[in-house]
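Chemist: what's the 3D shape of this:
(chains A and B)
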Amino acid sequence: MARLQVETVINGESKEFLCDANQSMLDVLRDELGLTGTKEGCGTGDCGACSILVDGRLVCSCLMLGVESAGKSVETIEGIAGDDGLHPLQRQFLENAALQCGICTPGFIVASKALLEKNPNPDEETIRYWLAGNLCRCTGYDKIIRAVQDAAAEMSHPA
Amino acid sequence: MESYGYAAPSSVAETVALLASSAEQGLTTQILAGGTDVLVQMRSAGHQARTIIDIKALAETNRLEVQADGIYIGAAIPSAVINENQALQESLPGLLEAADLIGSTQIQGRATICGNLCNASPAGDSIPAMIAAGAVCDIATPSGSRQVPVEDFLVGVGKNALAPGEFLLGLKLPMPSANTKDAYLRFTPRTEMDIAVAGVGVSLTVTDGLCTAARVAIGAVAPTAQLVTAAADAIIGTDLNEAAVHAAGEACKAAASPISDKRGTAEYRRKVVAVLCRRAIGVANQRIQGS
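Modeler: Alright, predicted model coming up:
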């Protein structure tokens, strides 16, 4: 079967890749583009480890075909940190020890960034519902929620 | 052996022609919108390779119109977009609360209510709400289009009324009057990321304290979601007194034909669907009083 040629923008850079018609965006990121920060947990949209932003919208990359990214703007965990260092969410996940094995972390950070862009000052309930589709089997979630709250505070009142 | 293919046609005519030519060549096709069910199904064991026809590039499926003479929700519109639409929040709060119950933030970024309908799961949360709101399917056919009420679109577990060569373009809904409101309630053991044990969608019109029109639909308690006219008849013409509302709940219980599974026994589901009906009527009525 002929592979499909796709042009897209990933983390602000124009990219071109070849993929199979049934290849997921997750597999394209990891296997075709070498962007292995995005993780596969379940492959069925239940765990959120593969979260990415497509045209600013939070989605599971395992439930999207690579070919569907044509003409879109995609943001992955690799695009979160700025030139001047870690994003406040990344820093606060470290400060709060909001990760152990780390498989879920890229998904949590991408999902949390989408939340803070929509709502810069979410309460705990809002954060918990927004992140209900991100599963973590290590931390018990509490430290993750604190990290998001601390990042929100830091971003609205820069030191 | 057939291999996977992908096409994203740019017009309805092109899409219908592609469905027809694929059928002539003996090729299997799969309509793709949000993909949150389709991609999971594609990975299941023994799934046959097919040509994926992405309908998100069509102008018709991207229509989202909320106007005095009617509402149109195209088949490519994801739940997140309808839930952010202020005019829909005001006109169809019940349909939106049903859509908002389906999956996570990530799922809602892709999943469409039209896909929820085509997937035809008995427990699809948006379906009873669509039926209650009087939604009609706008179906593209080889010779044009046809309209089918949602309650007639569902023909079995995982089965819809689309004929070969057809696909769903969107849903048409009447614009509710100022004294018409809808509500959807479901029961699940947890509050998020779960599948309905039972669900009830209700739309009421209340004029001067009297219920003048109603539609009640049940989900997850029969092979398909269904309209329960006996429940509506029990409250139309009443002031929504306790006896009338109770009778509506009993009508839902009588219409249910649930299975027993890990989420609940058939007896439990019958009981719960009656309770949800009574409560959903209460919520819709409160919305009318509050507007």
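
Chemist: ok, the spatially most central residue of chain A to chain B distance?
Modeler: In chain A, the residue lying closest to the centroid (Cα atoms, centre = their mean) is residue A:110, at 3.0 Å. Distance, residue A:110 to chain B, by Cβ to the nearest Cβ, to the nearest Å: 9 Å. C-beta coordinates here come from the backbone N, C-alpha and C atoms, glycine included.

Chemist: by contact count, what packs against the one helix or strand that residue maps to?
Modeler: According to DSSP states H and E, residue A:110 maps onto helix A:105-118. Other elements packing on helix A:105-118 under the criterion 3 or more Cβ pairs under 8 Å, 6 or more residues apart in numbering or on different chains; DSSP states H and E are strand A:51-54, strand A:57-60, helix A:88-95, helix A:124-130, helix A:142-156, helix B:105-108.

Chemist: domain ranges for chain A?
Modeler: A:4-79, A:88-156 (automatic domain parsing).

Chemist: between those, which gets nearest to residue B:233?
Modeler: Residue B:233 sits nearest to domain A:88-156 of all the domains of chain A, at 37.5 Å, using Cβ to Cβ.

Chemist: list the helices and strands the helix or strand containing residue B:251 packs on?
Modeler: Taking DSSP H and E as the criterion, residue B:251 maps to helix B:242-255. Judged by 3+ Cβ pairs under 8 Å, 6+ apart, helix B:242-255 is in contact with strand B:210-219, helix B:229-235, helix B:266-290.

Chemist: what residues does chain A put near chain B?
Modeler: Taking Cβ under 8 Å from any Cβ of the partner chain as the contact definition, chain A meets chain B at A:1, A:4, A:20-22, A:24, A:43-46, A:48, A:51, A:54, A:57-60, A:62-65, A:67-68, A:70, A:111, A:114-115, A:129-134.

Chemist: Got a quick ChimeraX command for the buried subset of these?
Modeler: Buried subset of the residues of chain A next to chain B, written as a ChimeraX selection, criterion 16 or more other Cβ atoms under 10 Å in any protein chain shown:
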select /A:4,20,21,22,24,43,45,46,48,51,54,57,58,59,60,62,63,64,65,67,68,111,114,115,129,130,131,132,133,134
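
Chemist: Distance of residue B:33 relative to residue B:53?
Modeler: Per Cβ to Cβ, to the nearest Å, residue B:33 is found 10 Å from residue B:53.

Chemist: hmm, I was thinking of residue A:53
Modeler: On the measure of Cβ to Cβ, residue A:53 and residue B:53 end up 26 Å apart.

Chemist: repeat for residue B:289
Modeler: Distance of residue B:289 to residue B:53, given as Cβ to Cβ: 46 Å.

Chemist: Looking at the two, which is more packed in?
Modeler: residue B:53 (20 against 10; other Cβ atoms under 10 Å in any protein chain shown).

Chemist: Which per-residue confidence value corresponds to that one?
Modeler: Residue B:53 carries a pLDDT value of 98.

Chemist: contacting residues for the residue of chain A found nearest chain B?
Modeler: Relative to chain B, the nearest point of chain A is residue A:133 (2.1 Å; Cβ to the nearest Cβ). For residue A:133, the contacting residues are A:45, A:46, A:47, A:48, A:60, A:111, B:103, B:104, B:105, B:106, B:107, B:193, by Cβ atoms under 8 Å, 6 or more residues apart in numbering or on different chains.

Chemist: For it, what are phi and psi?
Modeler: Main-chain torsions, residue A:133, degrees, to the nearest 10: phi -90, psi 10.

Chemist: ok, now which ones touch the closest residue to chain A within the stretch 151-291 of chain B?
Modeler: Going by Cβ to the nearest Cβ, chain A is nearest to residue B:192 of the stretch 151-291 of chain B, at 4.2 Å. Contacts here follow Cβ under 8 Å, 6+ apart; on that basis residue B:192 touches A:129, A:132, B:104.

Chemist: Doesn't it belong to a helix?
Modeler: No. Per DSSP: H, G, I helix; E, B strand; the rest coil, residue B:192 lies outside any helix segment and is coil.

Chemist: ok but residue A:102 is inside a helix, no?
Modeler: No. Membership of residue A:102 in a helix is not supported by three-state DSSP, which gives coil.

Chemist: and of the helices and strands packed on helix A:105-118, who's closest to residue B:161?
Modeler: Among the helices and strands packed on helix A:105-118, the nearest to residue B:161 by Cβ to Cβ is helix B:105-108 (25.4 Å).
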